[in-house]
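S.K.: Sequence first, predicted coordinates after that:
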Amino acid sequence: MHRKLLDASWFNPWHSPWWGAVFCALWLAAVAAIGFRAYSKYQQPGPFDSARQGFCDFHNGIYFPAAAYRAGISPYGREYAEQYPVARPIPFFAPLTMVLHLHTLLDLPHAAVVHFGFLLALSVLLGWLAARCAGLPPTINATMAAAAFVVVSRGGYATLFTGYFTFLLAIGTILTLQFAHRPTVAAPAMLLACLKPTYAIPLAIVLAARRQWRTLVAGVLLVTVANAAAVGWLLQFHSPEQLIADVRLAQGLHLDDPNEMPINSWTRIDAMAIVAKWLNWNPGEIVYLLAMVPLITLPALALWKLSADGRAGTATDLSGLIACLAILVTVYHHYYDALILIPVIIALGCNTSAWRSEMSSTKRVIVFVLLAFMMMNYLSAQFVMERFQLTGMPFQVVTSINGILLIVALGIAVWEALVRLPPAQPVNLELESGS
């Protein structure tokens with residue numbers, strides 16, 4: 001009788017309607033709180049105001065760039081920054097970014113409301129995808145539990161608060177890694193993952209290291225064609241030389257922004273940003289790209305070995321963990337980009353079958369704690385640091401924690417792959433089976 005009581009469905013978090021109500025209530029409470037803060041701290045279009053950042057990235061990175069693009073004005077150029085109420089030209093987002101957000105056709109107030117609703121839908125979609133990839137049952141409870149984790153994480157909060165398009169990047173990256181054995185699914189997903197070069201470049205490298213050639217080739221071709229078509233519209237109004245000059249200008253202004261410099265940034269999590277912060281150094285774009293080569297070499301070797309050993313490369317196994325961490329650590333990234341880790345964190349926490357043979361329980365728990373803490377770490381949030389007036393070394397320490405945790409987790413994962421893990425028989429893990 002006691003066993004039957006413990007096994008009753010109402011005690012099972014993935015099936016009980018009571019747990020489902022709890023997860024839904026948590027998600028609703030979180031999005032209501034974030035929505036209220038975005039509204040109360042709404043940043044009017046124009047110069048950047050650090051005290052009021054609500055939906056600032058929607059204005060500067062989506063709405064006005066898309067409006068300028070439709071008008072034939074390069075959103076990477078000086079003309080755009082002079083004609084539109086923005087802080088500066090956008091950095092080198094893929095031109096396709098300006099095409100995808102069709103709700104920017106609306107006037108700004110209505111577009112902002114629609115965009116917030118769009119982000120809420122994406123948070124649930126990301127929760128569903130994370131739960132399924134992690135092996136949780138296909139229930140509303142599992143989806144809403146994962147969706148709640150998404151929105152209460154610091155990256156999820158920042159995405160909803162500033163209106164950035166991180167959810168699209170995360171969904172595209174996760175789908176690409178999970179379905180890399182099925183190019184018909186993974187290649188279109190790369191269109192979303194490659195909206196930012198800081199995702200596209202390391203993602204291509206890890207796909208090559210995992211020997212997932214068909215997805216890599218098909219994805220690169222699709223991304224190239226789609227963005228060439230998007231650029232074609234601007235080429236009606238600008239010469240190729242002018243567009244290249246605009247992109248260089250935009251990248252230079254982006255790196256010269258004091259908030260983007262590693263020594264001042266509270267958002268960066270890549271390894272070079274940590275090094276630069278402690279050396280009081282502001283490296284250029286070429287340095288970041290050159291540094292990526294040695295930084296990604298060991299992770300790439302680990303992925304190559306896992307592939308040679310016949311271990312399936314998905315988004316939630318050891319290969320997926322190494323791939324996601326390599327993408328984040330080896331080149332320019334911010335804390336909100338860590339949303340790509342949501343599925344593998346859930347898989348680690350639930351000790352799904354893929355992990356019982358790939359990492360010792362002690363190290364699995366250590367990696368889970370490192371990553372879960374990093375996802376929920378608000379210590380380096382700007383409003384927290386301003387509250388406690390952190391400067392000098394305390395500022396350096398607090399703003400370096402997340403990056404250091406990722407580096408340590410990547411080191412453990414690479415060690416397991418290169419040194420400890422024995423070869424395994426080839427397996428074919430599908431999303432439907434919850435891998």
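M.R.: Yep, it's here.

S.K.: Report pLDDT for the residue nearest in space to the middle of the chain.
M.R.: Nearest to the mean C-alpha position of the chain, by CA atoms, centre = their mean, lies residue 337 at 2.9 Å. For residue 337, the pLDDT comes out at 98.

S.K.: surely it meets residue 155?
M.R.: Yes. With contact defined as CB atoms under 8 Å, residue 337 reaches residue 155; the gap is 7.2 Å. Placement of C-beta: from N, CA and C, glycine included.

S.K.: Could you pull out the residues contacting both of those two?
M.R.: Shared contacts of residue 337 and residue 155, defined by CB atoms under 8 Å, 6 or more residues apart in numbering, comprise residue 166.

S.K.: which ones are touching residue 288?
M.R.: Counted by CB under 8 Å, 6+ apart, residue 288 has contacts 272, 331, 332.

S.K.: what's near enough to touch the nearest residue to the residue nearest to the centre of the chain once chain neighbours are set aside?
M.R.: Distance criterion CB to CB, 6 or more residues apart in numbering; nearest residue to residue 337, sequence neighbours excluded, is residue 328 at 6.0 Å. Applying CB under 8 Å, 6+ apart, we find residue 328 in contact with 269, 270, 337, 338, 340, 341, 406.

S.K.: same thing with residue 335?
M.R.: The neighbourhood of residue 335, defined by CB under 8 Å, 6+ apart, consists of 154, 155, 158, 267, 268, 269, 374, 380, 402.

S.K.: Which ones among those lie within helices?
M.R.: Those of the contacts of residue 335 mapping onto helices are 154, 155, 158, 374, 402, per DSSP state H.

S.K.: Max pairwise distance over those: which two?
M.R.: 158 and 374 (13.7 Å; CB to CB).

S.K.: before we move on, the earlier item: reformat the ones in helices among the contacts of residue 335 as JSON lines; add neighbour count and pLDDT.
M.R.: Shown next, in JSON lines, are these (neighbours: other CB atoms under 10 Å; pLDDT from 0 to 100):
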{"residue": "154", "neighbour count": "21", "pLDDT": "97"}
{"residue": "155", "neighbour count": "26", "pLDDT": "97"}
{"residue": "158", "neighbour count": "21", "pLDDT": "96"}
{"residue": "374", "neighbour count": "25", "pLDDT": "97"}
{"residue": "402", "neighbour count": "26", "pLDDT": "97"}
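
S.K.: nearest to residue 170, of the residues you listed?
M.R.: Among those, and counting by CB to CB, the member closest to residue 170 is residue 155, at 8.3 Å.

S.K.: can you tell me how far that closest one sits from residue 267?
M.R.: For residue 155, the distance to residue 267 equals 10 Å [CB to CB, to the nearest Å].

S.K.: and what of residue 195?
M.R.: Using CB to CB, one obtains 18 Å as the distance from residue 195 to residue 267.

S.K.: which secondary element of the protein has the worst mean pLDDT?
M.R.: The helix or strand of the chain with the poorest confidence is helix 2-6; it has a mean of 46 (mean pLDDT, DSSP states H and E).

S.K.: related to what we said a few turns ago, could you dump the ones in helices among the contacts of residue 335 to TSV with distance to residue 75?
M.R.: Shown next, in TSV, are these (distance: CB to CB, whole Å):
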residue	distance to residue 75
154	28
155	25
158	22
374	32
402	30
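
S.K.: which one among those residues gets closest to residue 118?
M.R.: Of all those, residue 118 sits closest to residue 158, with 16.2 Å by CB to CB.

S.K.: Quick check: the closest one touching residue 167?
M.R.: No. Using CB under 8 Å, residue 158 is not in contact with residue 167; the gap is 11.0 Å.

S.K.: re the thing from before, quickly list what's touching both of residue 155 and residue 267.
M.R.: By CB under 8 Å, 6+ apart, residue 155 and residue 267 have these common neighbours: 335, 336.

S.K.: what's the offset of the lengthiest helix in the chain from the middle of its chain?
M.R.: Counting by DSSP H, the longest helix found in the chain is helix 108-134. Relative to its parent chain, helix 108-134 has a centroid offset of 14 Å by CA atoms, centre = their mean, to the nearest Å.

S.K.: now the helices for the stretch 151-300 of the chain?
M.R.: 154-162, 166-178, 183-193, 197-209, 213-234, 240-256, 271-279, 285-308 (DSSP state H, counting those that start in this stretch).

S.K.: Is it possible to get TSV of those helices that adds distance to residue 103?
M.R.: Supplementary listing: the helices of the stretch 151-300 of the chain in TSV, determined by distance: least, CB to CB, whole Å:
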stretch	distance to residue 103
helix 154-162	16
helix 166-178	13
helix 183-193	16
helix 197-209	23
helix 213-234	17
helix 240-256	24
helix 271-279	33
helix 285-308	32
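
S.K.: Mean neighbour count, the ones you listed: which tops it?
M.R.: Highest mean neighbour count of the helices of the stretch 151-300 of the chain: helix 166-178, a mean of 25 (counted as mean count of other CB atoms under 10 Å).

S.K.: How far off centre is it?
M.R.: Centroid displacement of helix 166-178 relative to its chain, using CA atoms, centre = their mean, is 7 Å.

S.K.: quick one on the thing from earlier: of all the contacts of residue 335, which comes closest to residue 222?
M.R.: Nearest member of the contacts of residue 335 to residue 222, counting by CB to CB, is residue 155, at 26.7 Å.

S.K.: Name the nearest residue to the closest one, sequence neighbours excluded.
M.R.: residue 336 (3.9 Å).

S.K.: Could you do residue 406 as well?
M.R.: residue 329 (5.3 Å).

S.K.: What of residue 371?
M.R.: Nearest residue to residue 371 in three dimensions, chain neighbours excluded: residue 345, at 5.0 Å (CB to CB, 6+ apart).

S.K.: try residue 45
M.R.: Closest to residue 45 by CB to CB, 6+ apart is residue 85, at 3.8 Å.

S.K.: hey, where'd the strands end up in the stretch 301-435 of the chain?
M.R.: Counting by DSSP state E, counting those that start in this stretch, the stretch 301-435 of the chain forms no strands at all.

S.K.: just the helices in it please.
M.R.: Using DSSP H, counting those that start in this stretch, helices in the stretch 301-435 of the chain cover 318-329, 342-350, 353-356, 361-376, 382-388, 392-415.

S.K.: Dump the ones you listed to a markdown table, plus distance to residue 133.
M.R.: Output for the helices of the stretch 301-435 of the chain, formatted as a markdown table (distance: least, CB to CB, whole Å):
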| stretch | distance to residue 133 |
| --- | --- |
| helix 318-329 | 8 |
| helix 342-350 | 4 |
| helix 353-356 | 10 |
| helix 361-376 | 15 |
| helix 382-388 | 31 |
| helix 392-415 | 17 |
